[in-house]
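Enquirer: Sequence plus predicted model, see below.
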Amino acid sequence: MKRRDFLKNTALASGALMLPAFLKPFEAMANAELSGYKNLVIIQLSGGNDGLNTIVPYGNDIYYQKRNVISVKPTEVVKLDGMLGLNPNLSALKEIYDQGWMGIINSVGYPNPDRSHFRSMDIWQTASDSNQFLTTGWVGRYLDSNCQVAKNSHTAIEVDDTLSLAMKGATMKGIAVRDPNKLYQSTREPFFKDILNDHDTDHLNEDNLGYLYKTMTETYSSAEYIENTSKTYNVSAEYPATPLGNQLKTVSKFINSGLQTRVYYVSLSGFDTHVGQVNQQSRQLKIYGDAVTAFVKDLKQTGKLDNTLVMTFSEFGRRVEQNASNGTDHGTASNVLLFGGKLKKAGIFNDAPNLEDLDNGDLKYQIDFRDVYATLLDKWLEVNNSQVLNRNFSGLNFV
Amino acid sequence: MDELRKIKHLYSRAAFGLRFADIQNAEHASVKKAVNELLRSSETDEPIGLVQTKLDYTMLLTGGANQKKIAIMQQVEQEKELNLSWLKKMNSTDAVLREKMTLFWHNHFACRTINAVYAQQLNNIQRSNALGNFRDLLLQVSQSPAMLQFLNNQQNRKGHPNENFARELMELFTIGRGNYTEQDVKESARAFTGWGFNRDGQFVMRNQLHDDGQKVFLSRTGNFTGDDIIGILLQQKQTARFVCNKLYQYFVNENPDTAHVNAMADVFYSSNYEIKPLLEYLFTADWFYDEKNTGNLIKSPVEFIVGLNRQFYINYLSPEVQIQFQRALGQLLFYPPNVAGWPGGRNWIDSSSLMYRLKIPSLVLDGGLIDFAGKADPEDEAFLATARNRQERIDTKVQAQPDWDKFLADIPGKWSNTEIAGFMLEPRVNTAMQNTIARAPNIKTLAVEIASTPEYQLC
């Protein structure tokens, strides 16, 4: 062993568990450069958010014809240009928008759209075609490919109790952490520590038992690293006291403490508005807008906004025409919202949704969601998108 | 491998594990006898009959806000009842192989429906044909309202074919990808036009919607009906190979051995798709008991939960907690992720699901305490003290009652800690594990410890 390696390994072995260096992805990364570290934060809106009442096409008469009860009145819309404006419950975002920290991509979807929640969410999370069933998620495949190509280890954190399919790759997976201390405490179980300590690397072979011990070891390593790193930073900014507010506050803590994580994943549900949409969606949008505004301002304050890109999506939008219960049924394309200090093209990225040329009453997609992913992969996470998306997408130029 | 270990392996795969209580019978039996006994005890076929009331689904679609709310609540309640009644059956039945196969078909013919009556009906079809004939099973599944609805065959009509069912029939149920063309999908979709169901949840052939014209399917030409297409698919030996390959991965090894799968397919095909002879062949094959085919399959969450429940005779005062377990571990019965089913294997395991798996046994068995009597340092002592303080609170939350008396009474008196661990675990107990369990102060603690290991996740 070279002296340099010896020193490195000794330094790494100073944790509570004497683990071989190759099993310590996070600690190994601490040696990597710390500056210019870019984060992607993904916010999933579950249930199918109605994009047309989020970014409102108030300049289009068809919108008001099709939604005589649930449309947002022109006087209430927070106008962005002559055609589009924010739902008033997102008014907090206007300031962010005016600063050039917000981008709106209209009519994002995919060919042969599926209107089932779980299937369409699968398609978005796995970045598959609509008739293709993949068992790995796109962020997970990013971890897989990045680990092979670049030598750095990277990781992805979902601020939740369980891990979404999006975060699972074939060989690598992200980690779910709602509360770093709670996760860390779960790894303090004396019995678990004992069986892990007693197992030498002989057991970490290629079989399933080896895989279980490897996962356990990585969990321990990550839990300790996340706890020890994140506790050095306290978020001083105010966040709304909502679950999403708390999740984003945790992400802020992670980013600001210098955690070497490339992708964060959070979600907010409650967007399936078949009945009495206005009240329900207003409540959810307010939670979303206020939490994101607090997050963006917080990161601006701490100087991390330029290194952070936030992307919000939902599994589908909703029908253009309202239904008989003053709600909307499952639809197709919708908008993707972006936030960050370094948007190349801030504001409204492309044309407002076309409400005349519909597919059975639903919007036709103009931009494939995988072109959005491709952009994030190529230009933000710096990995060739074809390795993750299984074929090359040309991408966009919003960043 | 000695005979008892073989029988234990058999029960870990073909059932939900061998219990201490079963040792006496197993000790003097041969593998052949044990296989016969598994098949015999699974001859009984009792359907799940819990969900009876049909909901008025028009309420969900057209009712007022209040009616919709009530309908959704009833629907959620029925789904919960259905889930728990199947779980209860798996926890308590003697027809273990039948349930294990029902679980297999539940994943092979993966389906989701909000209608609990239809879901139950499909589950009972999969149960009553679990060990019968694959042809009957395939036909009944294909004609069940749940599947017709799920794969949109209700909308498949002459002049406006919907290809969803035809495609999945080939891709997932019979011959698998690469063995048919897009044209075959289009043509066979036409053959299934008119297949639908009525308001009573019964299959109906709607002749006026059926396209009775000529179709070319897998190089054959004729005025095929849906039954014809299924018949042609079953004539393909590829169907036998495809199903056997999946069964091999379920029962034997994630990495199929082509020669073994082909041998299974021969048996299956020549018996005209009878399932029982196939299983009998599989479970008595020498290679089924090869070292490399033991202790290396990751239990699915349901196998894990049911195995634990059966081993410790757990009674849940509030069974719903088992639904939380299913969710946390990533397998909610009747909610497969998509039509391809749960991917299984290592896909079950990530950081959080593994930590839940390691923690659940102690939550259910001893209020969350793993009373570790090893080389505890001060930090460990503090941790254990907190865990002891929390036990009561966890008990009131989980409300599970293992039958410790029965569990302990059936353990052979002369057995050492290592022998007990060797019986409860399928992978070999290595030296490190032996050191840990040797320190267990009593058998109850030992059992909780063993169930809280990575080894316990394997079967």
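Expert: Perfect, thanks for sending it. Residues are numbered from 1 along each chain as shown, chains lettered A, B, ... in the order given.

Enquirer: buried ones in the helix or strand containing residue B:385?
Expert: Secondary structure from DSSP states H and E places residue B:385 in helix B:378-398. Neighbour counts over helix B:378-398 (16 or more other Cβ atoms under 10 Å in any protein chain shown) mark B:380, B:383, B:384, B:387, B:394, B:395, B:398 as buried. Yep, even glycine has a C-beta here, placed from its N, CA and C like the rest.

Enquirer: now do stretch A:260-278
Expert: Result for stretch A:260-278 [16+ other Cβ under 10 Å]: buried residues A:260-268, A:271-275, A:277-278.

Enquirer: In strands only, show me those residues.
Expert: Secondary structure defined by DSSP state E assigns A:263, A:264, A:265, A:266, A:267, A:268 of these to strands.

Enquirer: pLDDT weak spots in the stretch 51-200 of chain A?
Expert: A:147-154, A:200 (pLDDT under 70).

Enquirer: re earlier: looking at the ones in strands among the buried residues of stretch A:260-278, which is nearest residue A:93?
Expert: Proximity of those to residue A:93 (Cβ to Cβ) peaks at residue A:268, which lies at 14.8 Å.

Enquirer: wait, what's in contact with that closest one?
Expert: Contact partners of residue A:268, counting by Cβ atoms under 8 Å, 6 or more residues apart in numbering or on different chains, are A:43, A:44, A:45, A:46, A:243, A:244, A:284, A:287, A:288.

Enquirer: Which one of those residues is nearest to chain B?
Expert: Taking Cβ to the nearest Cβ as the measure, chain B lies nearest residue A:46 of the contacts of residue A:268, at 14.6 Å.

Enquirer: Which residues does the closest one form beta bridges with?
Expert: Counting by DSSP bridges, residue A:46 is bridged to residue A:269.

Enquirer: pretty sure residue B:1 contacts residue B:293?
Expert: No. Residue B:1 is beyond contact range of residue B:293, at 10.8 Å (criterion: Cβ atoms under 8 Å).

Enquirer: Of the ones in strands among the buried residues of stretch A:260-278, just say which sits nearest to chain B.
Expert: Nearest to chain B among these, counting by Cβ to the nearest Cβ, is residue A:265 at 12.8 Å.

Enquirer: so can I have a markdown table of the ones in strands among the buried residues of stretch A:260-278 showing pLDDT?
Expert: Compiled in a markdown table, those are given as follows (pLDDT from 0 to 100):
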| residue | pLDDT |
| --- | --- |
| A:263 | 95 |
| A:264 | 96 |
| A:265 | 97 |
| A:266 | 97 |
| A:267 | 95 |
| A:268 | 95 |
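
Enquirer: Low-confidence ranges, the stretch 351-459 of chain B, go.
Expert: For the stretch 351-459 of chain B, the stretches with pLDDT under 70 are B:374-376.

Enquirer: quick one: which of residue B:1 and residue B:293 has more around it?
Expert: residue B:293 (19 against 12; other Cβ atoms under 10 Å in any protein chain shown).

Enquirer: rewinding a little: the buried residues of helix B:378-398: which ones sit near chain A?
Expert: Subset of these in contact with chain A: B:380, B:383, B:384, counting by Cβ under 8 Å from any Cβ of the partner chain.

Enquirer: mind listing what the last one touches?
Expert: When contacts are counted by Cβ under 8 Å, 6+ apart, residue B:384 is found next to A:190, B:369, B:371, B:372, B:376.

Enquirer: Going through those residues, which ones are buried?
Expert: Among those, those scoring as buried are A:190, B:369, B:371, B:372, B:376 (criterion: 16+ other Cβ under 10 Å).

Enquirer: Just give me how far the one helix or strand residue B:322 maps to sits from the chain centre.
Expert: Counting by DSSP H and E, the element that carries residue B:322 is helix B:321-329. The chain centroid and the centroid of helix B:321-329 are separated by 15 Å under Cα atoms, centre = their mean, to the nearest Å.

Enquirer: List the buried residues of the helix or strand following it.
Expert: Once helix B:321-329 ends, the next helix or strand along the chain (criterion: DSSP H and E) is helix B:351-366. The neighbour-count criterion (16+ other Cβ under 10 Å) identifies B:351-366 as the buried residues of helix B:351-366.

Enquirer: Not counting residues beside it along the chain, what's closest to residue B:418?
Expert: Setting aside the residues directly before and after it, residue B:418 is nearest to residue B:434 in space (Cβ to Cβ, 6 or more residues apart in numbering or on different chains), at 5.5 Å.

Enquirer: Check whether residue B:29 sits in a helix, strand or coil.
Expert: coil (DSSP: H, G, I helix; E, B strand; the rest coil).

Enquirer: Does the closest residue to it other than its chain neighbours lie in a helix or a strand, and which?
Expert: Nearest non-adjacent residue to residue B:29, counting by Cβ to Cβ, 6+ apart: residue B:7, 6.4 Å away. Applying DSSP H and E as the criterion places residue B:7 in helix B:3-14.

Enquirer: Show me the contact partners of that helix.
Expert: With contacts defined as Cβ under 8 Å, 6+ apart, helix B:3-14 is touched by B:1, B:17-18, B:22-23, B:26-27, B:29-31, B:34-35, B:38, B:96-97, B:100, B:251-252, B:279, B:283, B:288-289, B:294-295, B:297, B:423, B:426, B:459.

Enquirer: For that helix, the averaged confidence score.
Expert: Averaged across helix B:3-14, pLDDT comes to 96.

Enquirer: any idea how far it is from the chain center?
Expert: Worked out by Cα atoms, centre = their mean, helix B:3-14 lies 18 Å from the chain centre.

Enquirer: if we can go back for a sec, which is the next helix or strand following the helix holding residue B:385?
Expert: strand B:400-401.

Enquirer: hang on, the earlier thing: narrow the contacts of helix B:3-14 to those in strands?
Expert: Judged by DSSP E, the contacts of helix B:3-14 include no members of strands.

Enquirer: Now, of the residues you listed, which are buried?
Expert: Neighbour-count burial (16+ other Cβ under 10 Å) is assigned, among these, to B:17-18, B:22-23, B:26, B:29, B:31, B:34-35, B:38, B:96-97, B:100, B:251-252, B:279, B:283, B:288-289, B:294-295, B:297, B:423, B:426, B:459.

Enquirer: so the residue most central in space within chain B is in which element?
Expert: Nearest to the geometric centre of chain B sits residue B:103, at 2.8 Å (Cα atoms, centre = their mean). If you go by DSSP H and E, residue B:103 is part of helix B:96-108.

Enquirer: Restricting to C-alpha, output that helix in PDB.
Expert: Extracted C-alpha coordinates of helix B:96-108, given in PDB (Å, rounded to 0.1, in the frame of the first residue of the first chain):
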ATOM      1  CA  VAL B  96     -49.700 -23.300   1.900                       C
ATOM      2  CA  LEU B  97     -48.600 -24.300  -1.600                       C
ATOM      3  CA  ARG B  98     -51.900 -23.200  -3.000                       C
ATOM      4  CA  GLU B  99     -51.400 -19.700  -1.400                       C
ATOM      5  CA  LYS B 100     -47.800 -19.600  -2.500                       C
ATOM      6  CA  MET B 101     -48.900 -20.300  -6.100                       C
ATOM      7  CA  THR B 102     -51.800 -17.800  -5.800                       C
ATOM      8  CA  LEU B 103     -49.200 -15.200  -4.900                       C
ATOM      9  CA  PHE B 104     -47.200 -16.200  -8.000                       C
ATOM     10  CA  TRP B 105     -50.200 -15.900 -10.300                       C
ATOM     11  CA  HIS B 106     -51.100 -12.600  -8.600                       C
ATOM     12  CA  ASN B 107     -47.800 -11.300  -9.900                       C
ATOM     13  CA  HIS B 108     -47.900 -13.100 -13.200                       C
END
